[in-house]
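Trainee: pasting the structure only:
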Ligand code: DGY
């Protein structure tokens with residue numbers, strides 16, 4: 001009997017062909033609606049493999065009844081939606097999609113930084129709303145990016161790719177990370193510093209660290225107070241790294257200048273979210289890796305991860321490979 005794979009969102013059929021060859025495939029047939037928890041629960045009771053998304057919570061509650069599940073393949077580099085420890089205890093391999101989205105996410109992070117600094121969304125609205133009456137010297141005047149200091153919190157693959165882009169803008173690059181990256185320091189001239197030093201010295205503070213119990217609300221009131229009043233905060237990682245009430249206060253009181261946010265603590269956010277409403281916030285809906293090329297590559301990698309595990313081979317990228325010896 002073929003194994004059963006459940007895909008939690010409608011995916012392009014042609015990218016799943018490798019799965020159809022080796023498995024029976026069930027799929028939630030909606031592109032824009034997440035799979036309801038009761039449907040997921042039922043599917044997990046019979047699935048050998050799960051193709052999941054960041055919007056699918058897979059905690060101990062959801063994983064309570066999944067007797068045959070061998071692999072959860074998350075179509076994302078982040079996997080904070082999954083209780084990895086619980087999955088590991090059950091012998092379930094947890095896979096993700098690093099590398100294929102690195103440059104795309106770095107492009108978006110830098111685009112968000114530029115858009116926030118140069119007020120691009122405001123300028124677009126200005127002309128669309130027919131407000132442009134005449135040219136004036138300080139009309140929509142923003143802040144320079146070139147030759148400024150960028151502070152990258154979380155110098156993983158995406159952090160390094162953002163640093164490369166920053167080098168092209170002749171920026172001074174500071175970073176804070178769990179470990180030092182000597183190669184990045186040599187190649188890009190990035191300087192390692194403490195979190196506090198980075199906050200105090202950076203013109204652009206860019207959050208790219210993963211969301212873990214340790215990084216939860218790393219950017220709190222104290223962190224924003226240490227930043228320059230002219231600082232621009234960019235978050236392209238996870239909303240959970242930020243205390244949103246503290247960020248709101250910092251933006252309202254001029255403790256920092258502006259923020260560009262691709263992620264929020266609870267997603268999706270509505271238009272009336274207090275941060276989205278602020279004039280000095282550029283908000284976008286978690287689209288860091290959203291290009292057709294990269295999303296296709298992420299689907300393919302997720303399929304490949306599932307296939308490998310079901311065939312008893314090491315997957316391309318598993319987060320608990322050491323613990324499970326895969
Ligand atoms: C990721 O890969 O973790 C993104 O946030 C979702 O694509």
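Mentor: Structure received. Just so you know, these numbers come straight off a predicted model, no measurement behind them. Numbering: from 1, shown residues only.
Trainee: distance-wise, check the nearest residue in space to residue 149 that is not next to it in sequence relative to residue 205.
Mentor: What sits nearest to residue 149 in space, not counting adjacent residues and going by CB to CB, 6 or more residues apart in numbering, is residue 172, at 4.4 Å. Where C-beta positions appear, they are placed from N, C-alpha and C, glycine not excepted. With distances taken as CB to CB, to the nearest Å, residue 172 is found 13 Å from residue 205.
Trainee: could you do residue 290 as well?
Mentor: With distances taken as CB to CB, residue 290 is found 23 Å from residue 205.
Trainee: if you count surrounding residues, which of those two has more?
Mentor: Comparing residue 290 with residue 205 by neighbour count (other CB atoms under 10 Å), the higher total belongs to residue 205, at 28 against 16.
Trainee: doesn't the more buried one lie inside a strand?
Mentor: Yes: assessed by DSSP: H, G, I helix; E, B strand; the rest coil, residue 205 belongs to a strand.
Trainee: so it sits against residue 199, correct?
Mentor: Yes: taking CB atoms under 8 Å as the definition, residue 205 is a contact partner of residue 199 at 6.3 Å.
Trainee: which neighbours do the two share?
Mentor: Common contacts of residue 205 and residue 199 (CB atoms under 8 Å, 6 or more residues apart in numbering): 151, 227.
Trainee: any bit of stretch 43-52 sitting next to the ligand?
Mentor: No: judged by CB under 6 Å from any ligand atom, stretch 43-52 stays clear of the ligand, getting no closer than 11.5 Å.
Trainee: stretch 161-177 too?
Mentor: No: Stretch 161-177 does not reach the ligand (CB under 6 Å from any ligand atom); its nearest approach is 13.5 Å.
Trainee: which residues are contacting that stretch?
Mentor: So stretch 161-177 is contacted by 102-103, 105-107, 109-110, 145-156, 159, 181, 184, 188-195, 197-198, 201-202, 204, 206, 208-209 (CB under 8 Å, 6+ apart).
Trainee: before we move on, what about stretch 113-129?
Mentor: Residues from elsewhere that reach stretch 113-129 (CB under 8 Å, 6+ apart): 132, 140, 142-145, 150, 204, 206, 232, 234, 258-260, 279, 282.
Trainee: sounds good, over and out.
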